[in-house]
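S.K.: A predicted structure for the sequence below; I have some questions about it.
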Amino acid sequence: MMNFLVKTIANAGALAVAVWLLDDITLTGDSTGKEIGTLILVALIFGLVNFLVKPVVKLLSLPLLILTLGLFTLVVNALMLMLTSWLADQLDLSFHVEGFWTAVLGGLIISVVSWALNVVLPDGD
């Protein structure tokens, strides 16, 4: 349970950095508390998408991953971020990613920041 909580906090922090750095990734709310709550819900959705959908997409795109020496992972990460944005819109959360290239850059930022936060934060084992 602690590991899940740490990963959710790391995802929320990484999403917050992407929102802060990129103008085309938006998170709006009436107050700071509402924005933090939305960010945590979006982090949960993002974690769920990465847990359920990403392995299937990576398996189906294995030939492209091998052919591009893993660079296609950037496209997979962008698609997972766009799917998260779509699901957040369906759940009436105020998180939106505008465009594929923004999603590629956002996915790269989220991957790097999430990795760095997971190194710093305890893993709960």
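M.R.: Yes, it's here.
S.K.: who are the neighbours in contact with residue 27?
M.R.: Listed by Cβ atoms under 8 Å, 6 or more residues apart in numbering, the contact partners of residue 27 are 15-16, 19, 35, 38-39, 42, 94-95. For the C-beta atoms, the positions are set from N, CA and C on the backbone; glycine is no exception.
S.K.: switch the cut-off to 10 Å
M.R.: Residues in contact with residue 27 (Cβ atoms under 10 Å, 6 or more residues apart in numbering) are 15-16, 18-20, 35-36, 38-39, 42, 88, 93-96.
S.K.: Leaving out chain neighbours, which residue sits closest to it?
M.R.: Nearest residue to residue 27, sequence neighbours excluded (Cβ to Cβ, 6 or more residues apart in numbering): residue 19, at 4.7 Å.
S.K.: pLDDT value on the one you found, please?
M.R.: Each residue has a pLDDT score; the one for residue 19 is 94.
S.K.: Distance of it relative to residue 35?
M.R.: Distance of residue 19 to residue 35, given as Cβ to Cβ, to the nearest Å: 9 Å.
S.K.: shared neighbours of the two, which are they?
M.R.: Residues touching both residue 19 and residue 35 (Cβ under 10 Å, 6+ apart) are 27-28, 95.
S.K.: Just confirm residue 16 contacts residue 32, I think it does.
M.R.: No - if you go by Cβ atoms under 10 Å, residue 16 and residue 32 don't touch, sitting 11.5 Å apart.
S.K.: The two - which one has more neighbours?
M.R.: Neighbours per residue, other Cβ atoms under 10 Å: of residue 16 and residue 32, the larger number sits with residue 16, 18 against 8.
S.K.: In terms of packing, which of residue 19 and residue 35 has more residues around it?
M.R.: Counting neighbours by other Cβ under 10 Å for residue 19 and for residue 35 shows that residue 19 has the greater number, 21 against 17.
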